[in-house]
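In: Any chance you can model this:
(3 chains)
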Amino acid sequence: MSSGLPLLTVDGLTTRFRMPQGAVTAVNDVSFELQPGRILGLVGESGSGKSVTALSLLNLVDKPGQVDARAIVFKGEPLHRASPSRWNALRGDRIALVSQDPMMSLNPVIRIGEQLVETIRIHRRLSAADARRIAIDALERVGIPAPVERMQAWPHELSGGMRQRVAIANALVNQPDLIIADEPTTALDVTIQAQILYEMKRLARDSGTALIWITHDLAVVKDLADELCVMYAGRIVERGPVAELIRAPRHPYTRGLLDSLPHGRSAGGRLTPIRGAAPPLSRLPAGCAFAPRCPRAAAACGEPPPLSSAGGREFRCVRPL
Amino acid sequence: MNPFLQIHQLGKSFGAPAGLLPTAWAALRRRQAAQPPRVHAVNGVSLDVQRGEIVGLVGESGCGKSTLGRLVAGLIEPSSGDVRIEGQPLLHGGPTSVHRQVQMVFQNPYASLNPRRRIVDTLTEAPVHHGIVPRAGARVHAAELLETVGLDASYLDRFPHQFSGGQRQRIAIARALAMQPQLLVCDEAVSALDVSVQAQILNLFLDLRESRGLTYLFISHNLSVVEYLADRVAIMYLGRVVELADTATLFAAPKHPYTQALIADAPRLDARATSYQPIQGELPSPLKPPTGCSFHPRCPVALPRCKTEAPALAEIAPGHLSACHLSASDVHQPAAIHVVAPPASLRSVA
Amino acid sequence: MPAALAIAVTPVPPAPSPTRLLLKRFLASPVGAVALGLLLLLALLAVAAPLIAPQNPYDLATVSVMNSDLVPGSRSEDGTLTFLLGSDAAGRDILSAILYGLRISIGVGIASALIALLVGTALGLVAAHFGGQVDAFLMRIVDLQLSFPTILVALTLLATLGQGVDKTLLALVIVQWAYYARNVRGSALVERRKEYVEAAIGQGLPALRVMFVHILPNCMAPLLVTATLQTAHAITLEATMSFLGIGLPPTEPSLGLLIANGFEYLLSNKYWVSIYPGIALVLLVGAINLVGDRLRAVLNPRDDQ
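Out: Okay, the predicted model is just below:
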């Protein structure tokens, strides 16, 4: 566990959406810390609030959403009260985002070289030629062959894997302190995904960039992340070092997730899925949101479980494993 | 005994013929009009499936697995080769129509149900139309179907938008079962579902095999799921089957370099973290497939021969087929792949 | 059922059909509600015209030239009738003329829109289903049709065919069908790619059934919007034709003809002959446009997800 000032401290992040049928709390009291150069995995299924967390951290949540936090501190600077212009200065420069669908994050009518150069020149005073050189270097670092020629390419001329690499290059180009990646490899083929995972890890280590990797796939994040946060119904239900968490989870939901993943042959047996289905965020039960599906639920679970800490691990459960 | 499903040298290619003007112009110049490139989505695939078997079909984008699934389900006409069920070619129409024998479960639960129809209509329309169920008893039949897939009968009068992805997929499975098929083609049927829901659906597939004696062609890119579910696995690359073996053998000792790469590249919870370099290069475009063995540009152990000669799918051990010139020998094990860093010249030039 | 399967026990309450949901959302906007109400009111007035109009302006027995050019609010010569909106040069009550004119305008507008919708939808579905040469051929005709200005086409047609309700209807249909065809073809192509259509085909359902029972209902959204806006367009176009003196004969005067009749009197202070029919037309077309606009707003975010 590295010491020193954390790069990012998130305390009590809560994002609410005011809908006609009532308020929906997509992110509920999320807190975590990220040290410089470390990789944090944010794992959850659909409706767990992980993507909204990413958008909230970047102040990209529009009305009717509202982001509140006790504190969001980035490199010592309190962000939860930052002005829109301060956010514009930070995004793309110190904090970057890589989304799931590269066709959405790359403008289809602008050549990729131009998009990279634009990202550079918005944040730094550099000549076009210097910016071009940096862009070509970024393309090379993410493993795009013939980068000089590629600068002239249109996004649709590239395959899905290439486009995602360009999106990652776009994120890296100003050497940010933090990259938030929201399911960047989910839509990619297995072999391409493996390449990108390998290179992201290498790039993060080489340049000291911290990474928040959002995914629903535990297996993907296992080899990549140092620490893992598991989200359910908008809350972080468990947090801890990745190997330990997977080997010995404390929260029944994490256990349930791990148990429902197939490994090896069925040989006539069955998987043990988690009973029921995740509740819609507009109709969360009182108390622990997982209680209706939890094999260990008891009367005490009718109250919202407090955050417990034990041996470098955090979990929200009154009857942990 | 005859295999239940026989696929023999099946091929499907797509591509528009040359336009009217170019053909006329070429004819004027006494030449053949240049034909636009054709995509050979499925290229000479042969496969047998026994009754009650689950055969997994694995591959990445452009390998042709979805097209193969649709060919088997009778949704597309083959360009060459044939598909036979119980020895008979696929028929359209009549009591032995392919639609009564094979049904498909699709990937996207949000697009596979008609949003403007109630569940009961979706489940009863086809059986009533084909006379499988009389109109009078159709509703009861639909309620039974819902129960079979683990849903409450009260859902009959609801609309799809009221259900979650997992529930919609169950309804889609019920719809497929309504035609009383013997073979289910599942095209990435669990890929769009959350992990916990995926487990429920996988259990359902296994239960249905036991209770209804169903046979499955299970198309997926997810190796863990295929390993769990399938009895045999076929690996596809650019329209061809490159390896076929029973599951245990394929995952323990894969022989084709592509299979080895897939297995090594797939993230697994139980595998130890390795620091090997994943296979390089991009999937080639089906419009311009490489010469010889289509995998040779990315293959870490390619020989000069691989560039000119396409290997045939040959039996290298009983029940284990592989399409690789090197398969005969035992040279490559997954560990070898981990150590060898592919030379820069093998990087894709896409 | 096996215990491991029994998951979905949460009761799902019955929900209104997509159509009822649509209506509910439509009425949530005050503008939409008012526009719809106004439109229904006008339609009601038009239908009930023979019953509620003070005078039948086309029954020569009731019209007397002694009552001509009366200011709004005047009484008739024999005191039996109040000309609430004045009278024209022949002694016809403007209010009654407007009510009857509404009948013609709405009738012709809706009839032409409906026929164009049927023709256009059928052709659009055929183009989408068969694709290839059929699609190319039909869409070229659509493109050709749409590249001509509608007024020009209508003018030419009516000048050639002469006056008459049926000829006006024909001209309006010819001018409109292409919008529907293109609209439906686009939606049908999108829907056709979706898995539920593949599933329907995979269940051996015949092509016609798939087209009309599965694809068409899911193309209704943009079609509805086009239909309302096109109806407004048809009414305006018909009014323009009547104003120019072609199209409907003087025995079936629409609002356009009324406006034309009174046009020459505008400058001589007898404004009521032209202005009131004009206001009626504006209200009608405006209401239809607002309804169409609100429909489009309501239908857009309505998606499965």
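
In: Show me what A:Leu228 bridges to in the sheet.
Out: Beta-bridge pairing of A:Leu228 under DSSP bridges involves A:Gly41, A:Gly240.

In: can you check B:His320 too?
Out: Counting by DSSP bridges, the residues bridging with B:His320 are B:Ala317.

In: from memory it sits against B:Leu244, does it?
Out: Yes: here B:His320 reaches B:Leu244: they are 7.4 Å apart, a contact under CB atoms under 8 Å. In short, each C-beta sits where N, CA and C put it, glycine included.

In: So for those two, which sits in the more crowded spot?
Out: Counted by other CB atoms under 10 Å in any protein chain shown, B:His320 and B:Leu244 do not tie: B:Leu244 has more neighbours, with 25 against 19.

In: So that one: helix, strand or coil?
Out: strand (DSSP: H, G, I helix; E, B strand; the rest coil).

In: surely it meets B:Leu313?
Out: Yes: shown here, B:Leu244 and B:Leu313 form a contact pair, counting by CB under 8 Å, at 7.2 Å.

In: shared neighbours, those two?
Out: B:Leu321, B:Ser322 (CB atoms under 8 Å, 6 or more residues apart in numbering or on different chains).

In: correct me, but C:Pro222 touches C:Asn183?
Out: Yes: using CB under 8 Å, C:Pro222 is in contact with C:Asn183, at 5.7 Å.

In: Of those two, which one has the most company?
Out: Legend: neighbour count by other CB under 10 Å for C:Pro222 and C:Asn183, higher for C:Asn183 (21 against 16).

In: burial count for the residue nearest to that one when sequence neighbours are not counted?
Out: Spatial nearest neighbour of C:Asn183, excluding adjacent residues (CB to CB, 6 or more residues apart in numbering or on different chains): C:Thr226 at 5.0 Å. Counted with other CB under 10 Å, residues neighbouring C:Thr226 total 24.

In: what does C:Val134 give?
Out: 14.

In: swap in the one 10 residues further on?
Out: By the other CB under 10 Å criterion, the neighbourhood of C:Leu144 contains 10 residues.

In: Would you mark the buried spots in the helix or strand where B:Arg305 lies?
Out: For B:Arg305, the enclosing helix or strand under DSSP states H and E is helix B:304-308. For helix B:304-308, the neighbour count (16 or more other CB atoms under 10 Å in any protein chain shown) marks B:Cys306 as buried.

In: what sits up against that helix?
Out: B:Pro290, B:Thr291, B:Gly292, B:Cys293, B:Phe295, B:His296, B:Cys299, B:His325.

In: Recalculate using a threshold of 10 Å.
Out: Residues outside helix B:304-308 that contact it (CB atoms under 10 Å, 6 or more residues apart in numbering or on different chains): B:257, B:290-297, B:299, B:311, B:324-326.

In: Just the buried ones from these?
Out: The neighbour-count test (16+ other CB under 10 Å) applied to the contacts of helix B:304-308 identifies B:257, B:290, B:292-297, B:299, B:311, B:324-326 as buried.

In: Including pLDDT, distance to A:Leu116 and secondary structure, could these go into a markdown table?
Out: Listed next are the buried ones among the contacts of helix B:304-308 as a markdown table, based on pLDDT from 0 to 100; distance: CB to CB, whole Å; DSSP: H, G, I helix; E, B strand; the rest coil:
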| residue | pLDDT | distance to A:Leu116 | secondary structure |
| --- | --- | --- | --- |
| B:Pro257 | 91 | 35 | helix |
| B:Pro290 | 87 | 30 | coil |
| B:Gly292 | 87 | 37 | coil |
| B:Cys293 | 89 | 36 | coil |
| B:Ser294 | 89 | 33 | coil |
| B:Phe295 | 89 | 32 | coil |
| B:His296 | 89 | 33 | helix |
| B:Pro297 | 88 | 27 | helix |
| B:Cys299 | 88 | 32 | coil |
| B:Pro311 | 88 | 41 | coil |
| B:Cys324 | 89 | 40 | coil |
| B:His325 | 87 | 42 | coil |
| B:Leu326 | 84 | 41 | coil |
